[in-house]
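Student: sequence first, predicted model second:
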Amino acid sequence: MQTGPEAPSAPPPEHMAAAPRPARDPRAGLTGGLRRLFTGRLTLEAIWLILPLAMAFIFVTNTQVHPADFWWHVRTGQIIVETGQIPTTDLFTFTRAGQPWTNQGWLMQVFLYLVFRAGGLPLAIFVHALTIAAGYLLIERAGLCVAGARPRAAALAAVGAMAIGVVNWGTRPQSASYLCFGALIYIITRHRARGGQVIWALPALFAAWINLHGGFIFGLGLLAIACLTRVAEEWAATRRIGRETGELLAASAATLLALGLNPGGPAGAARYVIGFLASNTTLNKNIEFQALSIREADGAIFFAVMLVFLLLLWRRRAALSASQTIIMVVFGLASLYARRIAPWFGMAAAPAFAAALADQPASPARPLRPQKTRLNALVFGLIALLVVSRIPWLRPYLPATLQKPYEVTEYTPIRAVEVLCRLGTTADLRPFANIYYASYLAWACPTAPVFMDTRFELYPTAMWQDYIRIINAQFGWEERLAHYDANILFVQKESEVELIAAARASGRWKTAYEDQFAIIMQRLGSPPPP
């Protein structure tokens, strides 16, 4: 932002009526681009807007489902559908059975189960890909609000946001937050640029979001920053609060009330937020809340995108609004502290990316030459062909090289779980399982309650310390297993080498099953004395 003696005094905020609105080019917009496709006038701007969405869809449909997270959510959705009740106590472990459990994302669990029941993994991944693409479509629309009629700037900004979030696109309930977070950014950005009644969509958005996924917490943070910066800007400039800012504040207040529209009511919403923020286990044991590192893929991408963005700001002398600057600083620093926030930083920063990329006025619309129209149509056709090739129901008709099947990852213990389920009844099976295997066990072998799983907030610190001691075969590991009366080891061969070696050396465990990735070992006789 401009400073110094030559800076104008008290510039009006960009959202006030006196501020100029960006001109809207009739060529802009995804729907306009598709409409022109059928009239033979598909423009390069439309191609720019379509390309990032196609990239997201194609990438996600090429991924496989990991054993962690997805499966226990599907199992919970099945329980809700079949019983008509949302679980409030733990149903999946023998260590915390019956303990209170706040199941905040119940609506997304029901949705995942219904999708899986209707079409299995192909449909689940397909719907997940559409959801991710829709979230970034809204990010593009937000970029167009900031950048005027500059589709290339909005598209490149969306690509930058996608690059930061791509590592976290696994098939899981978090896809709901990509869609909701994209909608939140679009609503805030659209209202700031053009006003209107779109801001009143916020209460409905958060009423759904709080029942879908815990990412609504980060959405509340973004909304709070938007409100505070807008009030501060307007008050500093005019010493009053205008109508549009008042609408934002009123809609935000209604949003806070809408958070009470969940099975636990207002107290349930507050309990979840406070419990999440106060859970040392969640923040310290969950790898997703560890600091970003340039040695990891998500950290390297984050710092690379930020470097490009800062170079753009410096080279083009682009000026960001106070709101854009504060959002980038707050979410950027939070991402450095906890890598799980990085995807939301990328989406929240996309309007600022678009502003940095759009420093030239839009060129006036000109008739397209026939050869350029044909070239644009050819490019669009290639993109469409790639997208269609990822639709699961059309794959049998494609060449063999394009018929990659939908499946779980190769290290998902499908065969091992089948063997485990035949080893005994619920009373007999008390497996100590790798937490990533435990999620799949909850779905594929519900008769085998597990030691613990990826619901990090459910387990006290002492249990996590015991889990780490056992999984690494540290001193006293067998005594800790005996304390919980665990009689089966069900672990990954690659990551639990020490535990497997220690169990074999102790002479108190026999191998019941072993394959390339997993091993099941049963305890022989009595456990060791404490």
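Tutor: Structure's in. What do you need?

Student: use CA for all of it now, contacts and neighbours both
Tutor: Noted.

Student: any idea which helix is longest in this protein?
Tutor: helix 106-147 (DSSP state H).

Student: using CSV, write out every CA atom in the helix or strand just after that helix.
Tutor: Along the chain past helix 106-147, the next helix or strand (assigned with DSSP states H and E) turns out to be helix 151-165. The C-alpha trace of helix 151-165 is given here as CSV (Å, rounded to 0.1, in the frame of the first residue of the first chain):
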residue,chain,number,x,y,z
PRO,A,151,-10.0,-14.6,-16.3
ARG,A,152,-6.3,-15.5,-16.7
ALA,A,153,-5.5,-13.8,-13.4
ALA,A,154,-8.3,-15.6,-11.6
ALA,A,155,-7.4,-18.9,-13.1
LEU,A,156,-3.7,-18.6,-12.2
ALA,A,157,-4.7,-17.6,-8.7
ALA,A,158,-6.8,-20.7,-8.4
VAL,A,159,-3.9,-22.8,-9.6
GLY,A,160,-1.7,-21.3,-6.9
ALA,A,161,-4.3,-22.2,-4.3
MET,A,162,-4.7,-25.7,-5.7
ALA,A,163,-0.9,-26.2,-5.6
ILE,A,164,-0.8,-25.4,-1.9
GLY,A,165,-3.8,-27.7,-1.1
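
Student: how is this structure divided into domains?
Tutor: The chain breaks down by automatic domain parsing into domains covering 30-62+102-357, 414-523.

Student: of all the ones you listed, which lies closest to P399?
Tutor: When the domains of the chain are compared by Cα to Cα, domain 30-62+102-357 sits nearest P399, at 16.1 Å.

Student: what's the mean pLDDT across that closest one?
Tutor: Averaged over domain 30-62+102-357, pLDDT sits at 87.

Student: now that domain, how far from the centre of its chain.
Tutor: Per Cα atoms, centre = their mean, to the nearest Å, the displacement of domain 30-62+102-357 from the mean C-alpha position of its chain is 9 Å.

Student: the domains of the chain: which one's closest to Y397?
Tutor: Of those, nearest to Y397 by Cα to Cα is domain 30-62+102-357, at 15.7 Å.

Student: could you look up the SS state of the residue nearest to L130 when sequence neighbours are not counted?
Tutor: The shortest distance from L130 to any non-neighbouring residue, by Cα to Cα, 6 or more residues apart in numbering, is to F57 (6.4 Å). Under DSSP: H, G, I helix; E, B strand; the rest coil, F57 falls in the helix class.

Student: correct me, but F57 touches Y136?
Tutor: No. With contacts counted by Cα atoms under 8 Å, F57 stays clear of Y136, the gap being 10.4 Å.

Student: output the strand or helix carrying T245 as CSV, restricted to C-alpha atoms.
Tutor: Taking DSSP H and E as the definition, T245 sits inside helix 243-258. Output in CSV follows, covering the C-alpha atoms of helix 243-258 (Å, rounded to 0.1, in the frame of the first residue of the first chain):
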residue,chain,number,x,y,z
ARG,A,243,-24.9,0.0,5.2
GLU,A,244,-22.9,-2.8,3.5
THR,A,245,-20.5,-3.2,6.5
GLY,A,246,-23.6,-3.3,8.8
GLU,A,247,-25.0,-6.1,6.6
LEU,A,248,-21.8,-8.0,7.0
LEU,A,249,-21.9,-7.7,10.8
ALA,A,250,-25.5,-8.6,10.9
ALA,A,251,-25.0,-11.7,8.7
SER,A,252,-22.0,-12.7,10.8
ALA,A,253,-24.1,-12.4,14.0
ALA,A,254,-26.8,-14.6,12.4
THR,A,255,-24.0,-17.0,11.5
LEU,A,256,-23.0,-17.4,15.1
LEU,A,257,-26.6,-18.3,16.0
ALA,A,258,-26.7,-20.7,13.1
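
Student: and the next element down the chain from that helix?
Tutor: Next element after helix 243-258 (DSSP H and E): helix 265-278.

Student: now the angle between helix 243-258 and that next one, please.
Tutor: 90 degrees (axes from the mean of the first three to the mean of the last three Cα atoms, to 10 degrees).

Student: check contacts around the residue nearest to the spatial centre of the chain.
Tutor: In the chain, the residue lying closest to the centroid (Cα atoms, centre = their mean) is Q174, at 4.0 Å. The contact partners of Q174, taken as Cα atoms under 8 Å, 6 or more residues apart in numbering, are H213, G215.

Student: can you start the count at 5 instead of 1 from here on
Tutor: Noted, 5 is the first residue going forward, which turns the last one into Q178.

Student: tell me how far it lies from T377.
Tutor: 39 Å (Cα to Cα, to the nearest Å).

Student: what's the answer for A308, then?
Tutor: 35 Å.

Student: re the thing from before, F61 and Y140: who's more crowded?
Tutor: Neighbour count, other Cα atoms under 10 Å: between F61 and Y140, Y140 has more, with 27 against 24.

Student: follow-up on the earlier one: mind checking the backbone torsions on the residue nearest to the centre of the chain?
Tutor: Main-chain dihedrals, Q178, degrees, to the nearest 10: phi -60, psi -20.

Student: list the contacts of the residue nearest to L134.
Tutor: A133, L134, I136, A137, V391.

Student: check contacts around the fourth one.
Tutor: Contacts here follow Cα under 8 Å, 6+ apart; on that basis A137 touches L57, A58, A60, F61.

Student: how about the strands of the stretch 355-504 of the chain, start to end?
Tutor: Along the stretch 355-504 of the chain, counting by DSSP state E, counting those that start in this stretch, strands occupy 435-437, 492-496.

Student: can you list the strands that the last one pairs with?
Tutor: Spelled out, it's strand 492-496. Strands that pair with strand 492-496, judged by DSSP bridges, come out as strand 435-437 (parallel), strand 522-527 (antiparallel).

Student: sorry, back to before: I'd like the domains of the chain laid out as TSV, including distance to D73.
Tutor: Formatted as TSV, those follow (distance: least, Cα to Cα, whole Å):
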stretch	distance to D73
domain 34-66+106-361	7
domain 418-527	6
